[in-house]
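K.L.:
Sequence and predicted structure, then a few things I'm wondering about:
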Amino acid sequence: MKALSAVSAYTWGAIVVMTLASIVGDVLLARAMKQVGDVHEVWQRSGLWTVVARTLGNPIFFLGIAAMTVSFFSLLFALSWGDVSLVAPAAASLTFIGNAFAAKVFLHEKVDRRRWIAAMLVAAGVALLAG
Amino acid sequence: MTLRKYLVLAGVAVFAAAGDSMLSHGMKQTGNISLHHLQGVILAVLNPWVAVGIVLLFAFFAAYMNALSWADLTYVLPATSVSYVLLALVARFALHENISASRWLGIALISGGVAFAAGGPALTAHGHGEEKSSLLAKAAKNGAPADGAAAEDGVPTEVRS
């Protein structure tokens, strides 16, 4: 891995933007899909069209998509600069930790010890895979 | 958790791994994109690897939205991070790349994280938990008024229009 001083400001910027955007996006999309309801059940009860209409009729869903689009394009830019080995895993790793906080605060999920350990193990593992 | 739900989670992981590897392969062929040459983005999308990668990421997204409709974010994310393990195994056994000790350790940690998450409950945060949901589904099948079941889903009426 490169020395940290050799990592450009663009790369750090991409990491920060990608992490924040994907946390915001994940939280918004999770909330939107909870409002849509269990896709299997809605599908069985009212048909696929209802699932699609409820999802596309949900404004929070589109805010989530917007955040994910920002995250996706910052990855696309970063990939072409050749710092993939740093940007993608660093952002992914930070996103797992950030999402655990955000899901607890904004989605009121019960992030118990099991969930924290799972998030930490995955974040550490993703960071190691990049090394 | 039903077999179908495990298949949805597996779909999230497989589509993410396949889509990401195709995108990164394609982007290496198309070369640099800079803020001053945004037309590079259009060229990138015309690359077949990037195009197929984008299609796969749409499939990933559909499976991911499906999973988030019945499971917590803090369950879905660690459970589907098995995609990183898949990527590493493809690199090792299909592309015959060398995997260092630290990367094997990374794979082991992620696998542990997947097991930890998957061993717990899928849904904690919401009124319509798994048992209640299946009761509602049964009630709906038995001819109980569907309106009641739909209203208890917690779907605000303005969202349904």
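P.N.:
That came through, no problem.
K.L.:
any idea which helix is longest in chain B?
P.N.:
The single longest helix within chain B, with elements called by DSSP state H, is helix B:3-30.
K.L.:
Now do it, average pLDDT.
P.N.:
The pLDDT scores in helix B:3-30 average 88.
K.L.:
again, but for stretch B:57-72
P.N.:
On average, stretch B:57-72 scores 94.
K.L.:
elements contacting the longest helix of chain B?
P.N.:
helix A:59-81, helix B:39-46, helix B:48-70, helix B:73-80, helix B:82-93 (3 or more C-beta pairs under 8 Å, 6 or more residues apart in numbering or on different chains; DSSP states H and E). From N, CA and C alone the C-beta is placed, and that goes for glycine too.
K.L.:
list the buried ones in stretch A:53-71?
P.N.:
For stretch A:53-71, a neighbour-count test (16 or more other C-beta atoms under 10 Å in any protein chain shown) marks A:54, A:55, A:58, A:60, A:61, A:63, A:64, A:65, A:67, A:68, A:70, A:71 as buried.
K.L.:
For the fourth one, which non-adjacent residue is spatially closest?
P.N.:
Counting by C-beta to C-beta, 6 or more residues apart in numbering or on different chains, the nearest residue to residue A:60 once its immediate chain neighbours are dropped is residue A:32, at 4.2 Å.
K.L.:
so that neighbour touches residue A:65, yeah?
P.N.:
No. Here residue A:32 lies out of contact with residue A:65, judged by C-beta atoms under 8 Å, at a distance of 9.2 Å.
K.L.:
Tabulate the helices and strands packed on helix B:3-30 (JSON lines), appending distance to residue A:36.
P.N.:
As requested, these are exported to JSON lines (distance: least, C-beta to C-beta, whole Å):
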{"stretch": "helix A:59-81", "distance to residue A:36": "8"}
{"stretch": "helix B:39-46", "distance to residue A:36": "29"}
{"stretch": "helix B:48-70", "distance to residue A:36": "6"}
{"stretch": "helix B:73-80", "distance to residue A:36": "15"}
{"stretch": "helix B:82-93", "distance to residue A:36": "24"}
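K.L.:
Just name the most buried of those.
P.N.:
Per-stretch averages of neighbours, counted by mean count of other C-beta atoms under 10 Å in any protein chain shown, single out helix B:73-80 among these, with a mean of 28.
K.L.:
Using PDB, list the CA coordinates for it.
P.N.:
Output of helix B:73-80 as PDB, limited to C-alpha atoms (Å, rounded to 0.1, in the frame of the first residue of the first chain):
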ATOM      1  CA  LEU B  73     -29.800  -2.500   7.400                       C
ATOM      2  CA  THR B  74     -27.400  -3.800  10.100                       C
ATOM      3  CA  TYR B  75     -28.400  -7.400   9.200                       C
ATOM      4  CA  VAL B  76     -28.300  -7.100   5.400                       C
ATOM      5  CA  LEU B  77     -25.000  -5.300   5.100                       C
ATOM      6  CA  PRO B  78     -22.800  -7.800   7.100                       C
ATOM      7  CA  ALA B  79     -24.700 -10.800   5.800                       C
ATOM      8  CA  THR B  80     -24.100  -9.800   2.200                       C
END
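K.L.:
Mind listing residues that contact that helix?
P.N.:
The list of residues contacting helix B:73-80 from outside it, by C-beta atoms under 8 Å, 6 or more residues apart in numbering or on different chains, reads A:26-27, A:30, A:96, A:99-100, A:103-104, A:107, A:109, A:111, A:115, A:118-119, A:121-122, B:9, B:12-13, B:16, B:64, B:67-68, B:71, B:113-114, B:116-118, B:120-123.
K.L.:
Tell me the one of the buried residues of stretch A:53-71 nearest residue B:60?
P.N.:
Out of the buried residues of stretch A:53-71, the one with the shortest distance to residue B:60 is residue A:68. That distance is 11.3 Å, counting by C-beta to C-beta.
K.L.:
what's the closest one in contact with, if anything?
P.N.:
Contacts for residue A:68 (C-beta under 8 Å, 6+ apart) come out as A:21, A:22, A:25, A:29.
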